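K.L.:
Kindly return the folded structure for what I paste below:
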Amino acid sequence: MRILISVLVAAIALVIAIPLIAQGTTVDPSTITDDEVNAIAKKMFCLECENIPLDVCGTQACIQWRDEIRLQLAEGRTEAEILEYFRVNHGEQALAEPGDPVLRALTNATPYVFALLALAGGAFVVFRWQQNPTSEPVDTESDDMPPDSYLAQLEQDLRNQ
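P.N.:
Predicted structure coming up:
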């Protein structure tokens, strides 16, 4: 009989404790600062406006998204969980960086690759110029030019007209 009473008391204690524990993990949304919300919002884009980060967009949809971020922060979710929530519900275009690690690496590495290629091309051009610093003078009297007698005849014909 004592064992049954102990099990019942433990079960009642768990039933009472679980909601209290869950209430302890939530925070009042008004205590979440705009800086905390904008730290996450700057990693997202407005879907209504083109190329405007969520933290500076003033549309009603973006205000609602920032409020949603605030509520999720109050519930104790992490930044990664919030970004994943928006990626799943609104698509990859809602995030400033792709969720796929390979695409994210390509996105971050591409500007550096192009800068290195431009530097290598510039270095190659400078190297080639240094290999041949003196250039030969351009031959203005090539074989394509008519002889002087033809030029004299052409000038005379033009004067007679």
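K.L.:
buried ones in the helix or strand where residue 159 lies?
P.N.:
Using DSSP states H and E, the element containing residue 159 is helix 148-160. With burial defined by 16 or more other C-beta atoms under 10 Å, not one residue of helix 148-160 is counted as buried. Every C-beta, even on glycine, is put in place using the N, C-alpha and C of the backbone.
K.L.:
ok, residue 102 to residue 108 distance?
P.N.:
Distance of residue 102 to residue 108, given as C-beta to C-beta, to the nearest Å: 11 Å.
K.L.:
likewise residue 82?
P.N.:
21 Å.
K.L.:
Toward the C-terminus, what is the element adjacent to the lowest-mean-pLDDT helix or strand in the chain?
P.N.:
Ranking every helix and strand in the chain by mean pLDDT, DSSP states H and E puts helix 2-25 at the bottom, with a mean of 60. Using DSSP H and E, the helix or strand that follows helix 2-25 in sequence is helix 34-41.
K.L.:
For that following helix, name the packing helices and strands.
P.N.:
helix 60-74, helix 79-90 (3 or more C-beta pairs under 8 Å, 6 or more residues apart in numbering; DSSP states H and E).
K.L.:
May I see the ones you listed organised as JSON lines, with distance to residue 30 added?
P.N.:
Formatted as JSON lines, the helices and strands packed on helix 34-41 follow (distance: least, C-beta to C-beta, whole Å):
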{"stretch": "helix 60-74", "distance to residue 30": "9"}
{"stretch": "helix 79-90", "distance to residue 30": "18"}
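K.L.:
quick one, which of those helices is packed in tightest?
P.N.:
Ranked by mean neighbour count under mean count of other C-beta atoms under 10 Å, the helices and strands packed on helix 34-41 are led by helix 60-74, which reaches a mean of 17.
K.L.:
export that helix as CSV, just CAs?
P.N.:
Taking C-alpha atoms only, helix 60-74 is exported to CSV below (Å, rounded to 0.1, in the frame of the first residue of the first chain):
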residue,chain,number,x,y,z
GLN,A,60,3.7,45.3,-42.4
ALA,A,61,4.8,41.8,-43.3
CYS,A,62,8.4,42.5,-42.0
ILE,A,63,7.0,44.0,-38.8
GLN,A,64,5.0,40.8,-38.3
TRP,A,65,8.1,38.7,-39.0
ARG,A,66,10.1,40.6,-36.4
ASP,A,67,7.3,40.1,-33.9
GLU,A,68,7.4,36.4,-34.7
ILE,A,69,11.2,36.4,-34.1
ARG,A,70,10.6,38.2,-30.8
LEU,A,71,8.0,35.6,-29.7
GLN,A,72,10.3,32.7,-30.6
LEU,A,73,13.1,34.3,-28.7
ALA,A,74,10.8,34.6,-25.7
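K.L.:
Fine, thanks again, bye for now.
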